[in-house]
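>>> Here is my input; please provide its structure:
(8 chains, ligands or ions: 10)
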Amino acid sequence: MSNAVLTGTHFMLGDHACAEGAIAAGCRFFAGYPITPATEIAERMARRLPQLGGVYIQMEDELASMAAILGASCGGMKTMTATSGPGLSLMLENIGLGIMLEIPCVVVNVQRGAPSTGLPTLVGQGDVMQARWGSHGDYEIIALAPSSVQEMFDFTVLAFNLAERYRTPVILLADEAVGHLTERVVIPPPEEIELWERPRPTVPPEEYLPYATDESLIPPMALAGEGYFVHMTGLTHDERGYPIINGEAHERLVRRLLEKIRKHAPEIIRYEEVLMDDAEVAVVSYGITARSALRAVREARRQGIRAGLLRLITVWPFPEDQIRELSRQVELFVVAEINQGQIRREVERAAAGQVPVAGVHKLGGTLITPDEILEALWVRKP
Amino acid sequence: MSNAVLTGTHFMLGDHACAEGAIAAGCRFFAGYPITPATEIAERMARRLPQLGGVYIQMEDELASMAAILGASCGGMKTMTATSGPGLSLMLENIGLGIMLEIPCVVVNVQRGAPSTGLPTLVGQGDVMQARWGSHGDYEIIALAPSSVQEMFDFTVLAFNLAERYRTPVILLADEAVGHLTERVVIPPPEEIELWERPRPTVPPEEYLPYATDESLIPPMALAGEGYFVHMTGLTHDERGYPIINGEAHERLVRRLLEKIRKHAPEIIRYEEVLMDDAEVAVVSYGITARSALRAVREARRQGIRAGLLRLITVWPFPEDQIRELSRQVELFVVAEINQGQIRREVERAAAGQVPVAGVHKLGGTLITPDEILEALWVRKP
Amino acid sequence: MEIQFAGFGGQGIILAGYLLGKAIAVYEGKSASMTQSYGPEARGGACSSGVVVSRNPEELVDYPRVTRPDILVVMSQEAFSTYLPRLKPEGTLLYDADLVNPESIPEGVTAYPVPATRLAETEIGKRIVANVVMLGALVVLTRVVSPEALREAVRTTVKPDYVELNLKALEVGMAYAQNLLQPQEV
Amino acid sequence: MEIQFAGFGGQGIILAGYLLGKAIAVYEGKSASMTQSYGPEARGGACSSGVVVSRNPEELVDYPRVTRPDILVVMSQEAFSTYLPRLKPEGTLLYDADLVNPESIPEGVTAYPVPATRLAETEIGKRIVANVVMLGALVVLTRVVSPEALREAVRTTVKPDYVELNLKALEVGMAYAQNLLQPQEV
Amino acid sequence: MGTQTVTPQAVQHPYTRYLRTDRLPHIWCPGCGIGIAMGAFLAAVDELGIPQEKVAVVSGIGCTGRVAGYVKFDSYHTTHGRPIPFATGLKIARPEMTVVVFSGDGDLVSIGGNHLIHAARRNIDLTVICVNNFNYGMTGGQMGPTTPHRARTTTTPYGNLEFPFNLPYLVAAAGAVYVARWTVLHVFHLRESIKEALQRRGFSFIEVVSPCPVGFGRPNKIGEGLEEMRFYREHALIQNGLHPKDAALSFRDRIVVGKFVDEARPSFLQVLEDHFRNASRDPSHREG
Amino acid sequence: MGTQTVTPQAVQHPYTRYLRTDRLPHIWCPGCGIGIAMGAFLAAVDELGIPQEKVAVVSGIGCTGRVAGYVKFDSYHTTHGRPIPFATGLKIARPEMTVVVFSGDGDLVSIGGNHLIHAARRNIDLTVICVNNFNYGMTGGQMGPTTPHRARTTTTPYGNLEFPFNLPYLVAAAGAVYVARWTVLHVFHLRESIKEALQRRGFSFIEVVSPCPVGFGRPNKIGEGLEEMRFYREHALIQNGLHPKDAALSFRDRIVVGKFVDEARPSFLQVLEDHFRNASRDPSHREG
Amino acid sequence: MAANTFSGNGSFPFWREPLDAQQIPHLSTSITIFPDLCKGCGYCVEFCPAQVLATSDRLNAKGYHPPEVVKPEACTGCQFCMRVCPEYAIIVEKKLEVPT
Amino acid sequence: MAANTFSGNGSFPFWREPLDAQQIPHLSTSITIFPDLCKGCGYCVEFCPAQVLATSDRLNAKGYHPPEVVKPEACTGCQFCMRVCPEYAIIVEKKLEVPT
Ligand SMILES: Cc1ncc(C[n+]2csc(CCOP(=O)(O)OP(=O)(O)O)c2C)c(N)n1
Ligand SMILES: Cc1ncc(C[n+]2csc(CCOP(=O)(O)OP(=O)(O)O)c2C)c(N)n1
Ligand code: SF4
Ligand code: SF4
Ligand code: SF4
Ligand code: SF4
Ligand code: SF4
Ligand code: SF4
Ligand SMILES: [Mg+2]
Ligand SMILES: [Mg+2]
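Ligands and ions are numbered 1, 2, ... in the order given. All right, here's what the predicted structure looks like:
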């Protein structure tokens, strides 16, 4: 187990950094199915996990991969899968199961140009709304968008921590450009990597109610083989985990699942503000595009525009309150993202007509350049 | 073929009316997989289609069902599948393929309580955002929400018409309550049922460019076996249908796919307004819930509240302009839907802070009652 | 107007609702909606159906679920206990006299015992038509629909081989109900 | 500072970018990003890699794709034609003298022919290290990184059995470049 | 002769300790065979003396899928078709546990067919008990991949166009090391067979032919469960060791039962153990 | 002896009229066998004289999946794993067309495995040509369900833990009526076999063993395609009529090829035709 | 054989007094039937190799006719009835004979 | 056998003049090689049953050594080379001998 955490400075591929982040977070089970541009995560896990007594299993498809990481997590392992858009579309039903059963796990989507097979080798950021709404029914999800290779490492660790703490699948919403980028990564010594673990029952099996919660709304999780005889079902269930088919029970359960995330949103939500203090124009961006946005904002400042950057780290939950707050400060929002304007819709909703919202969008295949964003900043008001 | 259109007055199950609507629209191929509460559609098709020389095929799962209706549509048939949330989650990848290849077909989702297996036999309206965003990448979709058994018939016919005219998969977003409702249905004589057909090439094969379009943005579709030697791919493609992997081509293709729907949105979008002329409060609702909303609005009028109903027929494209318009008229929007507030978000965005937006929501299993909506109408401003 | 049928799966509760709804909606041209519900069991579970008739024949029933029935027909003890509290204060109750023991019936409610299952067995020889016997009684006791409309619904719904049987069951129910009413009328 | 490598799949174009990026980012502590791109072919298609070095060593490279390279290294004719127009007006060009025929080089550009593939074949006996020979030349001709950092990158990257070979290739490239510069210096 | 009164504890049904008794009675129809199959499984666990907390049951969706909700083990009622990959993950995480997949023919062979064959191929250490009632019971009796040719169901009102799988053959061809079929009438054979399967390393598969009077008996005019069971009595033929290719079931004809395959091949977890030995020698984590 | 100059038309390659020549050269690597397999298919169509507009080719995603993009038939490049159900719909809509699924082992047997066995079961009238290169070529050489035990790929750096399918056995057990395997070196046998398969009613399956020097040859130290083809020459053994259960491939050992199954069973479309006769007699559309 | 009485507080909430309590002579096997669990499938009666059981006239709460023991002396203790009952409504215990 | 010349405007845009044009005596079979299509896999050379072909020294535009005809008289017209070439770079036609 000595080389579980590769402490030191590396020049590393984004996808590899993600794999190393998972390993550093304690992930010892990876089930996956190859897909460009996420394959390198699987390949790295296939080489690394057996060295650490962990298991890499290549499943027959993404449906199976997602089901397998849920099963292994019920057995107590920290588990992950990685895919791209087409594979994510296949995982959605079981992501819903993970949410309903409250099983911690991490799902990586290295986004590529889409829809359909689209542009397998080229960048896209078009799966943002899918991450939030792709599975049927109502739920809340946590999704993180790394902008650098370092963040591929850091946010993967964070994704595991959030998954464990809130007992929920967490999506690492990367993109091809970050996944296929090679940069310096500093991996800290293990003792400096903070790890959170899922809540576990403190009562004996007779007293254990698998889905009873305190005000945290997060039920402690008994693992298979511990004598708790847990029952988990994707049907609407009561505190014992038993199916109960009526509207009241559903309201109780699903409301708690929603509130579990919403209530903790203030501690989950993360973003970075650059030059926002006195900004009159706020660029909102995330993932690879946030880097272009950063250059654009700096350049705008040089040109005398009071621009700032709000970089989303958690794309979901979306920092609505912060946008609402900023609506009182700035005169314009510019949302830059490689899609038709998915987060722009969220900004529009939160800005609620207080401030105009412009967008810089491409549909995939090429990065948005700093100049393209800069141009939008010059048009203060649409 | 004599009894293809069951002209006359019937007392019919919603699911059965959907099947009859499909048959009346000319659907002769149904591929499906049973799931409550959509199974009765399949069962009806299984009995009826063979009588008409059509084919019912039960596939091994929903992935296969969706792929099969795409394939059969390329062969020139009008095709349909029907499922509920869990099945829809499995169809998403190939719905994306249908959008990318521009294949007309109809996908019925009789929504039930969700997420996950949830409440198989009880109502839900939680798959609205999924219908719009469930498949990876950017696209636009058409989704219709019937409120009565008659509309299960009528909107299925309409769904086929829209699918054919715009060369795109169309979702009939029904719900368990409507699907399992039995009411009077009047089926008109065949000659009174207007049917639209997909555009077909008028040029000989040598001159045919499968994805070249005029200003309609809808390319004419050559069918298999006609000597056009079409090639269709889910990869980003050019006008010949050949793969081309770069950002410009992607921008061109996906932009057209988006604009194909957006440009025609005014003729696609349908809604019904009841008592809206002088309304100060607008209730926005759809599907089964719109019926409660209607009673609530009528009752509110009796009680002296100037309430009106905006009932969505096309949930997607969403009638943003109409909401924007109404924002100048009404003092409050109340959105009633059996989910956490999915369409409420759209109303909020379109209302852009001009008018407050309240919601009456349940998460599934029970209908929203007229009284519950009425109560929200009394609270004029939040 | 709301009519609720309730009993066990297998008793034809759904068909009863369907026939009544069809008679009203198709053969009397009113607007009616019928809903149904059952438990997870494929057989033997609780089962109910409801018919809501619109005040205005031109208008769709706005809220199609039965909330407070005007008429309640129960064919099991469990159904009796579950649904009686929902019956309107002045409502009408029909119950299968052999399957339901109506411990206490609220004042204001008009209650009719109809031994539909027994009548089906003895008069027709087919337990399975108890639901239609009940419908026959219902039509006489409540006049919610005309006998002829109900007959037409039977004719166009059940398999051709069973039409006669079911029409006979209707008559049996009607005749029994007529008798029930007789003393009051005389 | 932007450096672009381009050629065919199989020439080690990606590894060249990686080694350079690693030398800069890890062993000289600057901030550098490396990107790569290739066509749909698994083998033999066009292939390129790019390294962008941040002006400020503390700061992440903001836009990590090469847009206008300061230095261009091409190892195929196709790569030459594709990438030359993007080279900065005052940029530096290295090309494999046997694989590229640089029809016309814009004024302002400093161009160095380096027969890396031939040197790799003749001096090392392994065509496969042409990329590292090219890197050796690059380090001397452009001073974009120190030779020692590059050596360290080689040592920590290639499989142990191949370290010597690659270090030798570096020296061969450096020596060749030294010679190239000599006449100018003298 | 005389009457003896015993304490209630003494007449506990042997299955009681393995059941979530607060959820009984179960929802299965009169004459449904799933309860018999579940009982045989409980008896097998009991007789093997496997510690209760070391057993996990994973089901998909369907009438049979409800088994997970009744057994008092760690039990998971997953999504339709996915119990096998879920169980695969669970087993790898908890190799010391006995992980059993208990589900229906539609769940395991229709929507879940791919996982079934791949699990057999990789010889993952699971026992799969598949209740074959020739239809989708839960959704009301539609045809499925085991429905006999020409049989009637709600989606084959004119008779089934398709041909059913011969499950033992399919699973054997995919790589299962233990394959058997029994009807629920063969309740003792079934129990013994489950015991054997639970003791094997690798992928074992038991098909349990079972009456579904509602979904299959009624539309095919077979009648109630009792008639179906009588049919098993008259038509079942035990042929242990028969090559599974000859074990096809046909509609209302001979029912071949028995143990068809019982072979040794290194299981996934066995190979994995070796593998760790190799892998842990590889220190490579170069990024080049 | 002498030189004759002929017109360009005279030296058209016989495949040219079946190719989208504006898309050539294809993207396959030097030594890749997919081009050979595609050629054999084109030759088969040509020799059978099937009208070009009556042939449709459906592929999934993968190197082999690119076939749909090169052949000048109605051709569909669908999603990964789904060409068979897509083709099923197409064939039912266009029964007069010859519908061929041409795809890779990963596409058809890994993610698409369920459709493969169900298509075989229902004996739908399709010919499936599966290029087995023992790995996922397109994504850069990962293991798949045909990768030999212990073989190395990018996701089995210590050797493959799992066991591969014996594809002919699997597909035969599922119900295919025509099953054969050839290597691309057996290019004439392959062509003849494809001709046979195209003439059969029902589900036919041909496995084509093919070199993938990049994804499989290199990591397994086999070398280039040429070495792989030499291996086929030395190790292939034609055994027509062999029971498919004995046709397993093992790593670097004998390669059994031949036609293993050629049986008659009513195809899906044949049964459907009968069915219409029955069904059209049923006027029922009662809603009760 | 012993007929067992069991009324209440055990784990199966629906278990009531066995139908045949007090009626059956005790041998070395005891058969306990919980009639209210029965769904009347008839398997126990049909497949008892010794015709020990018969369908009773009594209707249980669910409306089914549970079995009763009619030939106790013939019982071999094979437990087939217990194993084949889908409702776990029968218990057969093999015991040493307990003299009264 | 005839060696064919083909330059341009056909359907394969990359087909150029055959490598061996003008060099080969014509028999009843003609072999046409399109060297610029070749990716140098060596299959045609290796598996020609009559060793008619050999790898040439020439490098084509893609950097591969295409085959050349070295023993034309041995060609049996079996077409194996044509069928096994993954690039469709060889055409073998069987013809009636055409006297010059
Ligand atoms: C994705 C999905 N598709 C369909 C269903 C609906 N469904 C539930 S159970 C079932 C079939 C069950 O059949 P089987 O596995 O044979 O179990 P049985 O009920 O016969 O025991 C189906 C189709 C579902 N729950 N999820
Ligand atoms: C849903 C989905 N998952 C994964 C992929 C990535 N993918 C593309 S091709 C392929 C494997 C192809 O292997 P095979 O079918 O054997 O074809 P080959 O390239 O070997 O010819 C994979 C995994 C995808 N496109 N879609
Ligand atoms: S429907 Fe069939 S399988 Fe389901 S419980 Fe009833 S008898 Fe059993
Ligand atoms: S990667 Fe393999 S299968 Fe793909 S083109 Fe190259 S050799 Fe062929
Ligand atoms: S134990 Fe055996 S013999 Fe005794 S009653 Fe039961 S089945 Fe009959
Ligand atoms: S086997 Fe059980 S359920 Fe069936 S009749 Fe006997 S006691 Fe009743
Ligand atoms: S046709 Fe046959 S003999 Fe002639 S060159 Fe080709 S392979 Fe050799
Ligand atoms: S077979 Fe074709 S590609 Fe291969 S060497 Fe011969 S001509 Fe070249
Ligand atoms: Mg079943
Ligand atoms: Mg492959």
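
>>> How many residues are close by residue 89?
In the absence of a named chain, chain A is used. Neighbour count for residue A:89, taken as other Cβ atoms under 10 Å in any protein chain shown: 31. Yep, even glycine has a C-beta here, placed from its N, CA and C like the rest.

>>> Switch to chain G, please.
By other Cβ under 10 Å, 29 other residues sit near residue G:89.

>>> check contacts around it.
By Cβ atoms under 8 Å, 6 or more residues apart in numbering or on different chains, the residues touching residue G:89 are G:33-35, G:37-38, G:66.

>>> Excluding chain neighbours, what is closest to the residue in chain G that ligand 10 sits nearest to?
Using Cβ to the ion, the point where chain G gets nearest to ligand 10 is residue G:86, with a distance of 47.2 Å. In space, and not counting its chain neighbours, residue G:86 is closest to residue E:35: 3.2 Å by Cβ to Cβ, 6 or more residues apart in numbering or on different chains.

>>> so where's chain C uncertain?
C:40-42, C:183-186 (pLDDT under 70).

>>> try it again with 80
C:38-44, C:182-186 (pLDDT under 80).

>>> Where does it get nearest to ligand 5, residue-wise?
Here chain C gets closest to ligand 5 at one residue, residue C:44, 25.1 Å apart by Cβ to the nearest ligand atom.

>>> Excluding chain neighbours, what is closest to that residue?
Nearest non-adjacent residue to residue C:44, counting by Cβ to Cβ, 6+ apart: residue C:9, 5.6 Å away.

>>> Distance of residue G:84 relative to chain E?
5 Å (Cβ to the nearest Cβ, to the nearest Å).

>>> That residue against residue E:190, yeah?
No. In this structure residue G:84 lies outside contact range of residue E:190 using Cβ atoms under 8 Å: 10.4 Å.

>>> Could you report the separation of residue A:69 from ligand 2?
16 Å (Cβ to the nearest ligand atom, to the nearest Å).

>>> quick one: the helix or strand encompassing that residue near chain E?
Taking DSSP states H and E as the criterion, residue A:69 maps to helix A:62-74. Yes. Helix A:62-74 is in contact with chain E by Cβ under 8 Å from any Cβ of the partner chain, via A:63-65, A:67-74.

>>> Just want to check the distance between residue C:31 and residue B:152.
Residue C:31 is 16 Å from residue B:152, where distance means Cβ to Cβ, to the nearest Å.

>>> brain fart, residue E:219
From residue E:219 to residue B:152 the distance is 26 Å (Cβ to Cβ).

>>> Please enumerate the helices of chain A.
For chain A, helices defined by DSSP state H occupy the ranges A:14-24, A:39-48, A:62-74, A:85-101, A:128-133, A:149-166, A:176-179, A:247-268, A:289-302, A:320-326, A:342-351, A:370-378.

>>> Please compute how far the longest one lies from its chain's middle.
A distance of 18 Å separates the centroid of the chain from that of helix A:247-268, by Cα atoms, centre = their mean, to the nearest Å.

>>> tell me which residues of the helix holding residue A:69 are tucked away?
Residues A:62-74 are the ones in helix A:62-74 that count as buried (16 or more other Cβ atoms under 10 Å in any protein chain shown).

>>> So the helix or strand where residue E:88 lies, near chain F or not?
If you go by DSSP H and E, residue E:88 is part of helix E:83-93. No. Helix E:83-93 stays clear of chain F (Cβ under 8 Å from any Cβ), getting no nearer than 11.3 Å.

>>> Which strands or helices does that helix pack on?
Judged by 3 or more Cβ pairs under 8 Å, 6 or more residues apart in numbering or on different chains; DSSP states H and E, helix E:83-93 is in contact with strand A:27-32, strand A:55-58, helix A:62-74, strand E:55-59, strand E:74-77, strand E:98-104, helix E:113-122, helix E:268-279.

>>> same thing but 7 Å
When contacts are defined as 3 or more Cβ pairs under 7 Å, 6 or more residues apart in numbering or on different chains; DSSP states H and E, helix E:83-93 packs onto strand A:27-32, helix A:62-74, strand E:55-59, strand E:98-104, helix E:113-122.

>>> Columns distance to residue A:92 and mean pLDDT on top of those, output as CSV?
As requested, the helices and strands packed on helix E:83-93 are exported to CSV (distance: least, Cβ to Cβ, whole Å; pLDDT from 0 to 100):
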stretch, distance to residue A:92, mean pLDDT
strand A:27-32, 16, 98
helix A:62-74, 9, 98
strand E:55-59, 20, 98
strand E:98-104, 21, 98
helix E:113-122, 17, 98
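
>>> These: which one's closest to residue D:71?
Residue D:71 sits nearest to strand A:27-32 of all the helices and strands packed on helix E:83-93, at 37.9 Å, using Cβ to Cβ.

>>> residues contacting the residue lying closest to residue E:259 once chain neighbours are set aside?
Of all residues not flanking residue E:259 in the chain, residue E:180 sits nearest, at 4.3 Å (Cβ to Cβ, 6+ apart). Residues near residue E:180 by Cβ atoms under 7 Å, 6 or more residues apart in numbering or on different chains: E:193, E:206, E:258-260.

>>> hang on, the earlier thing: would you agree the residue nearest to residue G:86 falls within a strand?
No. Under DSSP: H, G, I helix; E, B strand; the rest coil, residue E:35 sits outside any strand and is assigned helix.

>>> Would you mind measuring from the single nearest residue of chain G relative to ligand 8 to residue E:134?
In chain G, no residue comes nearer to ligand 8 than residue G:86, which is 66.6 Å away by Cβ to the nearest ligand atom. Distance, residue G:86 to residue E:134, using Cβ to Cβ: 17 Å.

>>> what sits against the residue nearest to the spatial centre of chain E?
In chain E, the C-alpha nearest the mean C-alpha coordinate belongs to residue E:129, at 1.3 Å (Cα atoms, centre = their mean). Contact analysis of residue E:129 by Cβ under 7 Å, 6+ apart lists E:37, E:41, E:100, E:102, E:194, E:206, E:208.

>>> ditto for residue G:84
Residue G:84 neighbours (Cβ under 7 Å, 6+ apart): E:36, E:187, G:43-44, G:47.

>>> Closest one to chain D out of those, please.
Of all the contacts of residue G:84, residue E:36 has the smallest distance to chain D: 54.8 Å, by Cβ to the nearest Cβ.
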